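A.B. asks: Give me a 3D structure for the following:
(one chain, ligands or ions: 1)
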Amino acid sequence: MKCYKNLLQAIGNTPLVRVPFDSPAKIYAKLEYLNPGGSIKDRAALFMIQEAERLGLLKPGGTLIEASSGNQGIATAMIGAMKGYKVIITVSEKISEEKQKTLQAYGAQLIRCKPTLHLQEPESYHTKALEIHRATPNSFMLNQYFNPTNAGAHYAMLGPEIWHQTEGTVTHYCAAAGSGGTVSGAGKYLKEQNNKIKVIAVDVPNSYRSTDKNPQPYKLEGIGVDYDTPLLDTQTIDDFILASDDNAIAMLKTMARHYGFLIGPSSGAVAYAAAQIAPTLTKNDVLVMVFGDSGRAYLTKNFYS
Ligand SMILES: Cc1ncc(COP(=O)(O)O)c(C=O)c1O
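C.D. replies: Below you'll find the predicted structure:
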């Protein structure tokens, strides 16, 4: 019998599954919603917490603090519960009710902040988390938006998994960009194996980056470059594809009803981007896209009806 010794060992090694898009190429989805916390963010939170413990920044009885669009907070809350840390998560009020309730189910203290257009506004959930961190003794803020270990987790884990699962045949890698850690970290690893691999980041048209610093509101969660992120590696990324609320939400329905993948909004945006590229590929191409979380976390948003 092959068993994991604890929950943390069950993070990663998610399935890579063929998606039968109309294309001469092979298109695969990396099902990150099958991580124990339900998203890609289990990987980043695990690496950041383990590194903080190793460096002595986080001690027994300490408090984990994080600003999150939901999933990074859920991963932090899950790992904190398992390891016995107190957890405080700040979120924007715009995130789904399901994600907010999941955070509370893990015992995290949830601080809801007004949605802002830029991550570093004084009212934002990121700024609030920094304030709480400064005021809380023996606390560690994971700081996903600025901590290079976020991208480092995907360089060390997600990239090698994709490389091995495709037996080195991957030609295109496509992932949503929020902090940019997922697309840049795994993208860098893949490019080091074969510099011809195309790395495609998916952003929203209303984000700070896409609008040349003039952001507008959007509905999607877990995607959108809302600040000057040091984690977005523009040397590694070959192309950005933009997916609007309407593009991504329409794709959510198609993916659930025609293909059987019940995915979250950032994955809908990624699937939209992959569907744009698919007809241009050749039979020797292998495109891997990342499905960051599940549609079950957004059912009350009525994206699927
Ligand atoms: C479901 C989902 N997909 C994609 C992302 C974006 O990942 P990254 O912050 O690594 O760019 C996030 C970030 O929270 C997410 O929750």
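
A.B. asks: How is I65 assigned, secondary-structure-wise?
C.D. replies: strand (DSSP: H, G, I helix; E, B strand; the rest coil).

A.B. asks: can you list the residues of this protein near the ligand?
C.D. replies: Counting by Cβ under 6 Å from any ligand atom, the residues of the chain close to the ligand are 39-41, 69, 71-72, 176-182, 222-223, 264, 266, 292-293. For every residue, glycine as well, the C-beta is placed using N, CA and C.

A.B. asks: Go through stretch 160-169 and flag the buried ones.
C.D. replies: Within stretch 160-169, the residues scored as buried using 16 or more other Cβ atoms under 10 Å are 160-163, 165-166.

A.B. asks: Then stretch 117-127?
C.D. replies: For stretch 117-127, by 16+ other Cβ under 10 Å, it's 117, 119, 124-127.

A.B. asks: Quick one: mean pLDDT for it?
C.D. replies: Rounded to a whole number, the mean pLDDT of stretch 117-127 is 94.

A.B. asks: quick one on the thing from earlier: the buried residues of stretch 160-169 into a markdown table, with extra columns for pLDDT and secondary structure?
C.D. replies: Shown next, in a markdown table, are these (pLDDT from 0 to 100; DSSP: H, G, I helix; E, B strand; the rest coil):
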| residue | pLDDT | secondary structure |
| --- | --- | --- |
| P160 | 98 | helix |
| E161 | 98 | helix |
| I162 | 99 | helix |
| W163 | 99 | helix |
| Q165 | 98 | helix |
| T166 | 98 | coil |
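
A.B. asks: Which single residue of the stretch 101-250 of the chain approaches the ligand most closely?
C.D. replies: Here the stretch 101-250 of the chain gets closest to the ligand at one residue, G222, 2.9 Å apart by Cβ to the nearest ligand atom.

A.B. asks: Identify the residue nearest that residue in space, chain neighbours excluded?
C.D. replies: S266 (4.0 Å; Cβ to Cβ, 6 or more residues apart in numbering).

A.B. asks: Give me the number of neighbouring residues for the one you found.
C.D. replies: Counted by other Cβ atoms under 10 Å, the residues lying close to S266 total 30.

A.B. asks: picking up where we left off before, generate TSV for the buried residues of stretch 160-169, with distance to L252 as supplementary columns.
C.D. replies: Below are these laid out as TSV (distance: Cβ to Cβ, whole Å):
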residue	distance to L252
P160	29
E161	25
I162	23
W163	29
Q165	25
T166	25
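
A.B. asks: what's the most distant pair in those residues?
C.D. replies: Greatest spatial distance in the buried residues of stretch 160-169: P160 and T166, 11.2 Å, computed using Cβ to Cβ.

A.B. asks: ok, how many other residues are close to T229?
C.D. replies: With other Cβ under 10 Å as criterion, T229 counts 21.

A.B. asks: Surely it touches S184?
C.D. replies: No - between T229 and S184 there is no contact under Cβ atoms under 8 Å: 9.1 Å.

A.B. asks: shared neighbours of the two, which are they?
C.D. replies: By Cβ atoms under 8 Å, 6 or more residues apart in numbering, T229 and S184 have no common neighbours.

A.B. asks: which stretches of the stretch 151-300 of the chain form strands?
C.D. replies: Here the stretch 151-300 of the chain has its strands, by DSSP state E, counting those that start in this stretch, at 172-176, 198-203, 239-242, 286-291.
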